[in-house]
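>>> Make a model of this:
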Amino acid sequence: MSTITMTRTVQTRPERAYDAWTDAELLATWWWPHLPDTTYQVDARVGGSFRIESGAASLGVQGEFLAVEPPTLLRFTWVWLTEGQPAAVDGTPVVDTVEVTFADHGEATEVTVRHTSTEDLVAGGAQQGWNDCLDRLEQLR
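Modelled structure (predicted):
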């Protein structure tokens, strides 16, 4: 198992930080905005799904929400997409788990992402990808 954990402080209330993950329009402002054809679909409820995909980059991610506790917690599965299809090892899709917590610090929110996989997340580039996305999330107001 491989787990990476990273934290950022966002200068906004927990409700808005949480919404940035669950509202497709807000998600589009910080998650891959440099890929202009990216589509964002989010159904933030237990059993609901999400899908973020850029056809031009042949890259995406999809998953199912396992826990939805506004505005403090999101837990979901994570499956990378390549050319619209789930990434697989020996024909079996690799299903990771991601947990995002939102801690209230007054006018700021501490956002912590914990990503767990059977694959090496650092070697696979997930740590760099999360850092890139979370750096943009920090700009949320």
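>>> how many neighbours does Thr92 have?
For Thr92, the count of nearby residues is 9 (other CB atoms under 10 Å). No exception for glycine: its C-beta is placed from N, CA and C like everyone else's.
>>> so where's the longest helix in this protein?
What stands out as the longest helix in the chain, according to DSSP state H, is helix 126-137.
>>> can you pull the contacts of the nearest residue to Pro93 once chain neighbours are set aside?
Nearest residue to Pro93, sequence neighbours excluded (CB to CB, 6 or more residues apart in numbering): Pro86, at 4.0 Å. For Pro86, the contact set (CB atoms under 8 Å, 6 or more residues apart in numbering) comprises Gln62, Val79, Trp80, Pro93, Val94.
>>> Need the pLDDT of Pro86.
As predicted, Pro86 sits at a pLDDT of 94.
>>> beta partners for it?
Leu81 (DSSP bridges).
>>> So what's the gap between the helix or strand of the chain with the lowest mean pLDDT and the chain middle?
Across the helices and strands of the chain, mean pLDDT, DSSP states H and E gives its lowest value to strand 88-89, namely a mean of 87. With CA atoms, centre = their mean, to the nearest Å as the basis, strand 88-89 stands 20 Å off its chain's centre.
>>> what's in contact with it?
Val94, Glu119.
>>> for stretch 2-18, same thing?
Residues outside stretch 2-18 that contact it (CB under 8 Å, 6+ apart): 20, 70-72, 74, 102-105, 107-122, 126-127, 130-131, 134-135, 137-138, 140-141.
>>> Quick check: mean pLDDT of that stretch?
Mean predicted confidence for stretch 2-18 is 97.
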